[in-house]
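**Student:** Requesting a structural model of the entry that follows:
(chains A and B)
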Number of protein chains: 2
Amino acid sequence: MPLTDDDQPTYDFDTATAVRRGEGGVLLADLDQTWQVGGGILNGGYLLSVAARAAVSESPHPHPVAVAASYIRPTPAGEATLEVTPGAAGRTLAHSVVTLSSSGAGPSIVVQATTATLGDETPDYDSSRMPDMPPPEECVDLSARLNPDPGKRPGLSRHVDSRLDPATAGWTVGEPSEEPVLRAWIRFVDGRPADPLGLLTFADVLPPLGFAIGQRGWAPTVQLQVLVRAMPAPGWCLAEARATQIAGGWIDEDCTIWDSEGRLVVQARQLARLSRGR
Amino acid sequence: MPLTDDDQPTYDFDTATAVRRGEGGVLLADLDQTWQVGGGILNGGYLLSVAARAAVSESPHPHPVAVAASYIRPTPAGEATLEVTPGAAGRTLAHSVVTLSSSGAGPSIVVQATTATLGDETPDYDSSRMPDMPPPEECVDLSARLNPDPGKRPGLSRHVDSRLDPATAGWTVGEPSEEPVLRAWIRFVDGRPADPLGLLTFADVLPPLGFAIGQRGWAPTVQLQVLVRAMPAPGWCLAEARATQIAGGWIDEDCTIWDSEGRLVVQARQLARLSRGR
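**Tutor:** Numbers count the residues shown, from 1 in each chain, chains lettered A, B, ... in the order given. The predicted structure is shown next:
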């Protein structure tokens, strides 16, 4: 029996991140090959959502608020086991470590998850400012441009709708920027509202920041931390990712997400390793 | 036998973070009560350095480059065990999970550590700018003001010398700021050069950011990620910490550290829980 909420049975994301209990009580997930970024590599944010759903299923608290993941090896689609080791659970928050392993291979990601209850109360302090950018319909739908037929869109773009700010989309027409910055509106294609679990996927859904400055090659995530700061309002989220330093083959990617009402809802930072092919 | 480097046997930090092998091969540390922040609570950065030293001792690579820790319960001084679970080790980097437990209690912190080799090569890209601030001798030595006798300084300030930017030190004389921002020069008191292990301590050494805006009460770290971006040059480091959002009892603290040559060496972010007494 899936552990997803009964009232959200039909959204892609909930089906693809469902966690069920197998023989002996072990938690299992069926990792969906369509949540890939190319070459069969599953998206790191998607995997984080699956792991966080396992953490939540074993916690007295409903939402992931701080999640840190080490990406040990690429995770193939198919059945995966999720081992949840509880840390300590209190009235306010609970800690656990989730290890996701594919059958026949060792652990592919290890996730520390802190769970709690998030609200949407007005912040006591907030210095963040949602960047100005044109509305979604004036932004760049890269996926639609590459694949006019929605049924033929590859991987992740079948599930997550992202619209790049034209100011950060020069690289898509051969005019890269000097700055490794990307901004986009993001939502689920099928209308699923964003929530803390969904925001974990959004935190790693933009293209590699090297693309913005004209680099080729992928930048596999080494370690990613996502803080979820509030329940997002319905509608488009705005994500801005920027790298501060590229050195010695390492790049940081800092991703901030605001909800449709301009509320800061995610602060994420990852260290990634530039592939040699760049 | 301590696993610290032979050529650094006498510095406080190396003694206090030493890791040794006990019976049956288990790794042990003697957590030093003087690395506390008050009330016997050991500093979270100090504990991170101890855990990272354990990770490095079991890795083919010498430096922590990405470290994420969940703080499950306060860690008392005294003997602690460090269980290192290796993830995967390659030519470039290795992953492991380190669980630090005190005898008689469960795990108190769980740390994901990625190790690699850091250099000090010129970055390919760097948008960070070290903030302007007065030289150390014109900054606020809060510890010296509170305890003119160096031998009587409490806890951490016996080991780590920090000099607050007067522009962010108003709260020390009853004039808090509107902005939760703190800046300070930081170095080890005994002249130990900064290195990646030491930077992990520096990443959590500033007072709680709530202090800057006149809040009282501690803000225990829930989860902390530290990225170490380069080998620091000798001399004072400059740390700047700022909170972006305070809401629902949660505060983020983003700490950036530059070395004496202005090179970005640390990007750290933590989620902390405001204590009720504020």
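**Student:** Could you use CA atoms for every contact and neighbour count after this?
**Tutor:** OK.
**Student:** Kindly provide the distance from residue A:235 to chain B.
**Tutor:** 21 Å (CA to the nearest CA, to the nearest Å).
**Student:** isn't there a strand covering that residue?
**Tutor:** No. With DSSP: H, G, I helix; E, B strand; the rest coil as the criterion, residue A:235 is assigned coil and is not in a strand.
**Student:** For it, which non-adjacent residue is spatially closest?
**Tutor:** Nearest residue to residue A:235 in three dimensions, chain neighbours excluded: residue A:260, at 5.5 Å (CA to CA, 6 or more residues apart in numbering or on different chains).
**Student:** now the one you found: how far from chain B?
**Tutor:** Distance, residue A:260 to chain B, by CA to the nearest CA: 17 Å.
**Student:** SS state for that residue?
**Tutor:** Under three-state DSSP, residue A:260 comes out as coil.
**Student:** from memory it sits against residue A:231, does it?
**Tutor:** No. Counting by CA atoms under 8 Å, residue A:231 is not a contact partner of residue A:260; they are 11.3 Å apart.
**Student:** Give me the more crowded residue out of those two.
**Tutor:** A count of neighbours by other CA atoms under 10 Å in any protein chain shown puts residue A:231 above the other of residue A:260 and residue A:231, at 21 against 16.
**Student:** Within range of chain B, give me the residues from the stretch 1-150 of chain A.
**Tutor:** Contact residues (CA under 8 Å from any CA of the partner chain) of the stretch 1-150 of chain A with chain B: A:66, A:68, A:70, A:72-73, A:87-88, A:95, A:107, A:112, A:114, A:118-119, A:121-128.
**Student:** Among the residues you listed, which ones are in helices?
**Tutor:** Residues of these located in helices (DSSP state H): none.
**Student:** Just name the shakiest helix or strand of chain A by mean pLDDT.
**Tutor:** Using mean pLDDT, DSSP states H and E, helix A:142-146 stands out as the lowest-scoring helix or strand of chain A, at a mean of 87.
**Student:** could you say what helices and strands that helix packs with?
**Tutor:** strand A:160-164 (3 or more CA pairs under 8 Å, 6 or more residues apart in numbering or on different chains; DSSP states H and E).
**Student:** who touches the strand it packs on?
**Tutor:** With contact meaning CA atoms under 8 Å, 6 or more residues apart in numbering or on different chains, strand A:160-164 is reached by A:136, A:139-142, A:182-189.
**Student:** can you name the two of these that are farthest apart?
**Tutor:** Of all pairs drawn from those, the greatest distance, 20.0 Å, lies between A:182 and A:189 (CA to CA).
**Student:** higher neighbour count, those two?
**Tutor:** residue A:182 (25 against 16).
**Student:** For the closest residue to residue A:19 other than its chain neighbours, give the beta-bridge partners.
**Tutor:** Leaving out its chain neighbours, the residue that sits closest to residue A:19 by CA to CA, 6+ apart is residue A:29, at 4.8 Å. Beta bridges link residue A:29 to residue A:19, residue A:80 when assigned by DSSP bridges.
**Student:** Same check on residue A:164?
**Tutor:** Applying DSSP bridges to residue A:164 gives these bridge partners: residue A:140, residue A:184.
**Student:** Centre-most residue in chain A?
**Tutor:** residue A:201 (2.0 Å; CA atoms, centre = their mean).
**Student:** Now for chain A: which helix has the highest residue count?
**Tutor:** helix A:44-57.
**Student:** doesn't residue A:221 make contact with residue A:275?
**Tutor:** No. In this structure, residue A:275 is not within contact of residue A:221 by CA under 8 Å, at 10.7 Å.
**Student:** what comes up buried for stretch A:35-43?
**Tutor:** A:35-37, A:41-43 (16 or more other CA atoms under 10 Å in any protein chain shown).
**Student:** looking only at pLDDT, what's the mean for it?
**Tutor:** Taken as a whole, stretch A:35-43 has an average pLDDT of 86.
**Student:** now stretch A:263-278
**Tutor:** Mean pLDDT, stretch A:263-278: 87.
**Student:** re earlier: isn't there a strand covering the residue nearest to the centre of chain A?
**Tutor:** No. Counting by three-state DSSP, residue A:201 is not found in a strand; it is helix.
**Student:** was I right about it contacting residue A:48?
**Tutor:** Yes. In this structure residue A:201 lies within contact range of residue A:48 using CA under 8 Å: 6.9 Å.
**Student:** still on that earlier bit, so between residue A:275 and residue A:221, which is more surrounded?
**Tutor:** residue A:221 (23 against 13).
**Student:** Quick check: closest non-adjacent residue to that one.
**Tutor:** Once flanking residues are discounted, residue A:221 sits nearest to residue A:272: 4.3 Å by CA to CA, 6+ apart.
**Student:** List the beta-bridge partners for that neighbour.
**Tutor:** Beta-bridge partners of residue A:272, counted by DSSP bridges, are residue A:221, residue A:251.
**Student:** count of residues packed around it?
**Tutor:** Residues near residue A:272, counting by other CA under 10 Å: 22.
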